[in-house]
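In: show me the folded form of this:
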Amino acid sequence: MNIQIESIQNRIKGQMQKASPMLKKNCKEIALDYLRVRKQLEDILVKCSKGLENLKFALWTVEHAVGDVEAHDSIPGALP
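Out: Residues are numbered from 1 along each chain as shown. Predicted coordinates for the structure are as follows:
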């Protein structure tokens, strides 16, 4: 997931690098196309980042639960 996020960030930078010369050449329509794609990529980046955070939280929850089970199992006479 981190690789995907990094790839999207690089693609956003690429869109900006393509748009800038087009603005200087007064090719506004082409520059706007690049900027639209950049905006779409930014939206995707936000969704991926939120997904990554959700996965990290889920992993933390599972690890925490495993710790609770291990602690419970270490108590002598604890019910299964």
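In: okay, CA-based contacts and neighbour counts for the rest of this
Out: Noted.
In: okay, and Lys50 sits in which element?
Out: Taking DSSP states H and E as the definition, one finds Lys50 inside helix 28-73.
In: by contact count, what packs against that helix?
Out: Counting contacts by 3 or more Cα pairs under 8 Å, 6 or more residues apart in numbering; DSSP states H and E, helix 28-73 is packed against helix 2-24.
In: between the helix it packs on and helix 28-73, how many degrees?
Out: 160 degrees (axes from the mean of the first three to the mean of the last three Cα atoms, to 10 degrees).
In: tell me the buried residues in helix 2-24?
Out: By neighbour count on 16 or more other Cα atoms under 10 Å, the buried set for helix 2-24 is 5, 8, 11-12, 15-16, 18-20, 22.
In: quick one: mean pLDDT for stretch 49-57?
Out: The average pLDDT within stretch 49-57 is 95.
In: ok, back up a step: and which of the buried residues of helix 2-24 is nearest Val37?
Out: Val37 lies nearest to Gln15 out of these, by Cα to Cα, at 7.2 Å.
In: the closest one - nearest residue in space that isn't next to it in sequence?
Out: Tyr34 (5.4 Å; Cα to Cα, 6 or more residues apart in numbering).
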